[in-house]
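Participant: quick one, what's the 3D model for this:
(one chain, ligands or ions: 1)
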Amino acid sequence: MTETTYIHGTTQSEQARLATLNRLTNGPFIEFLGVTPGASVLEVGSGLGILAIEVAGAAPDVQVTGLERSPEQLVAAASHPRVTFVEGDAHKLPFADATFDLVYCRYLLEHVAEPGIAVAEMRRVTRPGGRVAVMENDTSLVRVDPPRPAFQAIWAALARYQWQLKGDAFIGRRLYRLLKDAGFEQIELSLQPEVHWSGSPHFRAWLENLAGNLDSARAGLVESGSCKAEQLAYAMDELRQLADRSDASGTFAWNRAMAVR
Ligand SMILES: C[S@@+](CC[C@H](N)C(=O)[O-])C[C@H]1O[C@@H](n2cnc3c(N)ncnc32)[C@H](O)[C@@H]1O
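Facilitator: Here you go, the predicted model:
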């Protein structure tokens, strides 16, 4: 069984959150990918296609395919002459073996029912000597100061709720094992940091992204009994208040892996 409910959904406000997250994280991630001229690239779980389009512009003559399960995300994606979007499932990629020079996914494996199958599929469609790159969440790494106890409680409830949906909010810490089990030998791990504080350029947007994660899962969190609507509203408010303080800060780190087929 490889069907999951996508915890964030595809409302306009969620798509706006995803676009903001792209603005916060695309630069270092594209540097990490090290796209080479003329490369044939696949993004699995391409969402709104914002990253895929930036990857196409990262080096001359790069061709990018974005594979995405949700028709709503595909409709909202912009277009680019060297980017093609395809509807499909990460568990069963509709591509022949050894098709791409570089295959990557970002913020995807936490949402799929069988991440091991998804990674094996990514390996299958990569040419021998080609590379597979992954960047994923481990939501336990979020730190804010001054402490936000109501937010922390609901943040933990969100991870438990995601687990009920067959996702894994902590999958970032499992990347090495997932890639090893898929048959990769050369695997390198790294972190992409988020470091923000009162007055730093992206502190407010980073806090908004955290609050947006809760907001987009609101209906499911409440209907599943994970928390009450009032608790959720209080927690989001408590978190957002940090943006207006002069003494607040927050950190996080995305888990990354790069492997050679
Ligand atoms: C958080 S978004 C990330 C989008 C994009 N990778 C980015 O970095 O902006 C995750 C995306 O994965 C898609 N997704 C979830 N499960 C999938 C699956 N089994 N196959 C393909 N896409 C899937 C969702 O519809 C969503 O658009």
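Participant: return the residues of the protein in contact with the ligand.
Facilitator: Residues of the chain lying close to the ligand by CB under 6 Å from any ligand atom are 6, 18, 22, 45-47, 50-51, 68-70, 73, 89-91, 106-108, 111-112. All C-beta atoms are positioned from the backbone trio N, CA, C, and that covers glycine.
Participant: now with 5 Å, please.
Facilitator: Contact residues (CB under 5 Å from any ligand atom) of the chain with the ligand: 6, 45, 47, 51, 69-70, 73, 89-90, 106-108, 111-112.
Participant: among those residues, which two are most distant?
Facilitator: Greatest spatial distance in those: 51 and 89, 19.1 Å, computed using CB to CB.
Participant: so those two - more neighbours on which side?
Facilitator: residue 51 (24 against 18; other CB atoms under 10 Å).
Participant: part of a helix, is the more buried one?
Facilitator: Yes - membership of residue 51 in a helix is supported by DSSP: H, G, I helix; E, B strand; the rest coil.
Participant: before we move on, back to that, tabulate the residues of the chain next to the ligand (JSON lines), appending secondary structure.
Facilitator: Formatted as JSON lines, the residues of the chain next to the ligand follow (three-state DSSP):
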{"residue": "6", "secondary structure": "coil"}
{"residue": "45", "secondary structure": "coil"}
{"residue": "47", "secondary structure": "coil"}
{"residue": "51", "secondary structure": "helix"}
{"residue": "69", "secondary structure": "coil"}
{"residue": "70", "secondary structure": "coil"}
{"residue": "73", "secondary structure": "helix"}
{"residue": "89", "secondary structure": "strand"}
{"residue": "90", "secondary structure": "coil"}
{"residue": "106", "secondary structure": "strand"}
{"residue": "107", "secondary structure": "coil"}
{"residue": "108", "secondary structure": "coil"}
{"residue": "111", "secondary structure": "helix"}
{"residue": "112", "secondary structure": "coil"}
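Participant: least confident of those residues?
Facilitator: On pLDDT alone, residue 6 ranks lowest of these, at 90.
Participant: for the stretch 151-261 of the chain, which segments count as helices?
Facilitator: Taking DSSP state H, counting those that start in this stretch, the helices of the stretch 151-261 of the chain run over residues 175-181, 203-216, 218-223, 229-240.
Participant: what does the one residue in the stretch 1-150 of the chain that gets nearest to the ligand show for phi and psi?
Facilitator: Nearest to the ligand, among the residues of the stretch 1-150 of the chain, is residue 47, at 2.6 Å (CB to the nearest ligand atom). The phi/psi pair for residue 47 (degrees, to the nearest 10) reads phi 60, psi -120.
Participant: what's the neighbour count on it?
Facilitator: 26.
Participant: re the thing from before, tell me the most buried of the helices of the stretch 151-261 of the chain?
Facilitator: Ranked by mean neighbour count, the helices of the stretch 151-261 of the chain are led by helix 203-216 with a mean of 20 (mean count of other CB atoms under 10 Å).
Participant: export that one as PDB, just CAs?
Facilitator: Taking Å, rounded to 0.1, in the frame of the first residue of the first chain, the C-alpha atoms of helix 203-216 are listed here in PDB:
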ATOM      1  CA  PHE A 203      13.500  35.400  10.800                       C
ATOM      2  CA  ARG A 204       9.800  36.400  10.300                       C
ATOM      3  CA  ALA A 205       9.400  34.300   7.100                       C
ATOM      4  CA  TRP A 206      11.000  31.300   8.900                       C
ATOM      5  CA  LEU A 207       8.600  31.600  11.800                       C
ATOM      6  CA  GLU A 208       5.700  32.000   9.300                       C
ATOM      7  CA  ASN A 209       6.800  28.800   7.600                       C
ATOM      8  CA  LEU A 210       6.700  26.900  10.900                       C
ATOM      9  CA  ALA A 211       3.300  28.300  11.800                       C
ATOM     10  CA  GLY A 212       2.100  27.500   8.200                       C
ATOM     11  CA  ASN A 213       3.100  23.900   8.700                       C
ATOM     12  CA  LEU A 214       0.600  23.700  11.600                       C
ATOM     13  CA  ASP A 215      -2.000  25.800   9.800                       C
ATOM     14  CA  SER A 216      -2.000  23.600   6.700                       C
END
